[in-house]
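> task: produce atomic coordinates for the following.
(2 chains)
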Amino acid sequence: MLDLLHELRCHEVWPLYLLPLALLPWWVKADAQFQYPSISMMPHDPFCVWVERVWRIAATLLLTSLLLAMCRPYLAEQKVDRYGKGAHIMVVLDRSGSMNDDFADRPEQGSASKMAAARRVLTEFTENSRQDLIGMITFSTSPMLVAALGNDRKAVLSGLSATEAGGMGFTAVDKGLAMALDFFEGKPVTGSRVVLLVSDGAAHLDAKTQDFLRNGFVRQQASLFWIYLRSKNGASLTEKLEEDDDQAAPEYALNQYFQTLGVPYQAYMAEDPAQVKAAMQSIAKLKNKPVKYQEVIARKDMGYLCYAIALFASVVMFGLYLTEVRTWRIHSIGK
Amino acid sequence: MEAFYYHIAWRSRGGRVGGHPTKITGGHADFNAHVPLMQSFNPKRLDLRASLKTVPKQLMVRTFHERYAIQAYAVVDMSTSMNFVGHQHKWQLSTEIVQAIAWSAICNGDTFGCVGADDVLRMDVYEPSTYRAVVVEDIASKMRSVQFTQPVGINALPSVSELLPARRSLIFLISDFYMDEALLIQSLQNLTAHDVVPIVIWDSAEITDLPDWGWMRVNDMEGKGTRSVFLRPALKQAIKNTYRTRQQRLTQLFNTAGTRPPFFVLNQFNSEAMTRHMLEDSGC
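As a prediction, the model looks like this:
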């Protein structure tokens, strides 16, 4: 709480010079005074004394809070350390055209597309992993940032629902991964870093790209999980085709390459939505390192507080004003 | 203006012929004693029945006390609190009462005088003792022309005896009696030579006729400050109780000081009630 006080700033200072005005209510005499022969005949009553005091205090409070509000106070932007269990997860989601197909190659009416399956599972994953930092990148021909690595679940979920629009273009795995790694750059390693690649295919990576990615993974100490949404007739990650042709079955080659990265790597071959879910569950178990991260709280205008106090004080004063006696007797006393 | 009748239970010692008992021998009204004829040679007052009872036989005559007039005075509190206007303007009510006293005194054949006091003795309403009947109008016009401006108290009350005669007189002390007790006791002590009738003027607008609820600030008319008052039934009751206590206290004080019991005037002056009050306890 005291720390918050340190962060209290204001735009203007000059209204503070007017603060002595707040003493004015203690000087003024109430204008409506009844003449009474002898106040010694009025019994001493603490309640009455306090009514008078409350009236003056409320007036002082009103002036003070309005002057403070004129200073336009605000709570400066601040960073709050937060601890969480979980990982820094960058989801790299494939949005290529083939994701619109279902697991059985030919899309049938009502069957789940691979994208829908991935979306459903990722949504569930995001919602359940409250303590993870999650970012998201979609890629097709080129990568697109959906949500930066952070605590913002809403951005990720909105990004996921945006994928309902359907995918298009090719599968540029390398660019997506490179972008995901960029988000770990320059940040303290406070939790296990995970790149979660969700795709239904792969692309050929040339040697230069392979080196670049390998450097990246090693430097960022990020582990890689690949959920491979395999179509019925899609290439297997483990079985090598007879023809020794990387171009024909890039998935197998990519899997082989990932195993040489020198960072923890796990591939899950999912051939139907149930397997996708199982794969996600096993990933969720993996990340259990405590995570420290800083959350930025935006600057906050504190003027409303002053206005609330001023409102309260004026309500009190008005209430007392309403209880004031206007006439004692019609023909009597008077001012 | 209604006159009231008053009666004294003490004997005055001089002055002019009037209607009150004296210790002066003479006249024919108040029987004093039987004395031998030779002691008071007045054969007109021979009492045969008393003479026959004497042993040895001698002639007895009746002697009487003379009836003289006394001096009646009104001593008026002129502090600003008498300017209070409730059901009645207290000062106007005091004027009426003073007029009634003056008229009653003149009707009784007594003299009337008036002394006013606030923080100083007020000579503008001073009326020396007189038999003139026109004093009734004089004193009324004097009192009507009084203007209350500055808040003043009644610190000169102990010194009113300077303007009163040394001879025992009938003093009507008209005030609201809100002064300090010490001042009141001091004043009453200075008036012990006289037969004092305190007349307490209060107004129900200051006691009971207050609003039931509400917040107000009351200003003391004698400049003793301002008080915040939040009226509510409990406080109203407390105010009423204060006045009741004050009434008892005043009665007690007057009793101790040896004056007549106080006559409380609430809102209006009733001369019949005044007569009754004066006859119930004639003072001593």
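
> list the buried residues in the helix or strand containing A:I283.
If you go by DSSP states H and E, A:I283 is part of helix A:273-286. Applying a neighbour-count criterion of 16 or more other C-beta atoms under 10 Å in any protein chain shown, one finds A:P273, A:Q275, A:V276, A:A279, A:M280, A:I283, A:A284 buried in helix A:273-286. From N, CA and C alone the C-beta is placed, and that goes for glycine too.

> starting at the chain centroid, how far to it?
25 Å (C-alpha atoms, centre = their mean, to the nearest Å).

> tell me the buried residues in stretch A:197-206?
Result for stretch A:197-206 [16+ other C-beta under 10 Å]: buried residues A:L197, A:V198, A:S199, A:D200, A:G201, A:A202, A:A203, A:H204, A:L205.

> quick one: low-confidence ranges for the stretch 51-200 of chain B?
Applying pLDDT under 70 to the stretch 51-200 of chain B flags no residue at all.

> can you give me the strands for it?
B:60-68, B:71-77, B:111-117, B:121-130, B:170-175, B:195-202 (DSSP state E, counting those that start in this stretch).

> which one, of those, ends up nearest to A:Y74?
Nearest to A:Y74, of all the strands of the stretch 51-200 of chain B, is strand B:195-202, at 62.0 Å by C-beta to C-beta.

> restrict the closest one to CA atoms and write it as CSV.
Listed next in CSV are the C-alpha coordinates belonging to strand B:195-202 (Å, rounded to 0.1, in the frame of the first residue of the first chain):
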residue,chain,number,x,y,z
ASP,B,195,-40.0,43.6,50.3
VAL,B,196,-39.0,42.1,46.9
VAL,B,197,-41.5,40.4,44.6
PRO,B,198,-39.6,38.6,41.8
ILE,B,199,-41.5,38.5,38.5
VAL,B,200,-40.0,35.9,36.1
ILE,B,201,-40.8,36.5,32.5
TRP,B,202,-40.4,33.4,30.3
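
> tell me the contacts of the nearest residue to A:G135 once chain neighbours are set aside?
Counting by C-beta to C-beta, 6 or more residues apart in numbering or on different chains, A:G135 lies nearest to A:L149, which is 3.6 Å off, once chain neighbours are set aside. By C-beta atoms under 8 Å, 6 or more residues apart in numbering or on different chains, the contact list for A:L149 reads A:H88, A:M90, A:L133, A:I134, A:G135, A:F183, A:F184, A:K187.

> rerun at 10 Å
A:88-90, A:133-137, A:180, A:182-184, A:187, A:193, A:293 (C-beta atoms under 10 Å, 6 or more residues apart in numbering or on different chains).

> among those residues, which ones are buried?
Counted by 16+ other C-beta under 10 Å, the contacts of A:L149 give A:88-90, A:133-137, A:180, A:182-184, A:193, A:293 as buried.

> how about stretch B:95-115 against chain A, any contact?
No. Using C-beta under 10 Å from any C-beta of the partner chain, stretch B:95-115 stays clear of chain A, with a minimum separation of 17.0 Å.

> list the buried ones in that stretch?
B:95-106, B:108-115.

> residues in contact with residue 198?
Defaulting to chain A. Going by C-beta under 10 Å, 6+ apart, the list of residues near A:V198 reads A:91-95, A:99, A:114-115, A:117-119, A:121-122, A:138, A:225-229, A:268, A:270, A:276, A:279-280.

> oops, chain B please
Taking C-beta under 10 Å, 6+ apart, we find B:P198 in contact with B:75, B:171-175, B:177, B:184, B:188, B:250-251, B:253-254, B:257, B:259-264.

> if we can go back for a sec, from the buried residues of stretch A:197-206, which two are the most distant?
Of all pairs in the buried residues of stretch A:197-206, the most separated under C-beta to C-beta is A:V198 and A:H204 at 19.4 Å.

> if we can go back for a sec, can you add distance to A:T126 and give the strands of the stretch 51-200 of chain B back as TSV?
Compiled in TSV, the strands of the stretch 51-200 of chain B are given as follows (distance: least, C-beta to C-beta, whole Å):
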stretch	distance to A:T126
strand B:60-68	119
strand B:71-77	90
strand B:111-117	95
strand B:121-130	96
strand B:170-175	90
strand B:195-202	84
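
> who wins for proximity to A:G262 among the ones you listed?
strand B:195-202 (105.9 Å).

> for stretch A:27-37, measure first residue to last.
End-to-end span of stretch A:27-37 (C-alpha to C-alpha, to the nearest Å): 24 Å.

> tell me the mean pLDDT over it?
Mean pLDDT, stretch A:27-37: 76.

> what about the helices in the chain?
All of this refers to chain A. Ranges of helices within chain A are A:2-6, A:24-27, A:46-70, A:114-128, A:153-162, A:173-182, A:207-220, A:250-259, A:273-286, A:303-323, based on DSSP state H.

> chain B is the one I meant
Using DSSP H, helices in chain B cover B:48-53, B:90-107, B:135-144, B:181-190, B:204-207, B:233-257, B:271-280.

> right, and these - which one's nearest A:S65?
For the helices of chain B, the distance to A:S65 is smallest for helix B:233-257, at 32.0 Å, taking C-beta to C-beta.

> between strand B:170-175 and that closest one, find me the angle.
Using axes from the mean of the first three to the mean of the last three C-alpha atoms, to 10 degrees, the inter-axis angle of helix B:233-257 relative to strand B:170-175 is 160 degrees.

> now do the same contact list for the nearest residue to B:L157 once chain neighbours are set aside.
Among residues not flanking B:L157 along the chain, B:S187 sits closest, at 4.3 Å (C-beta to C-beta, 6+ apart). For B:S187, the contact set (C-beta under 10 Å, 6+ apart) comprises B:75, B:117, B:154-161, B:173, B:175, B:179, B:196, B:257.
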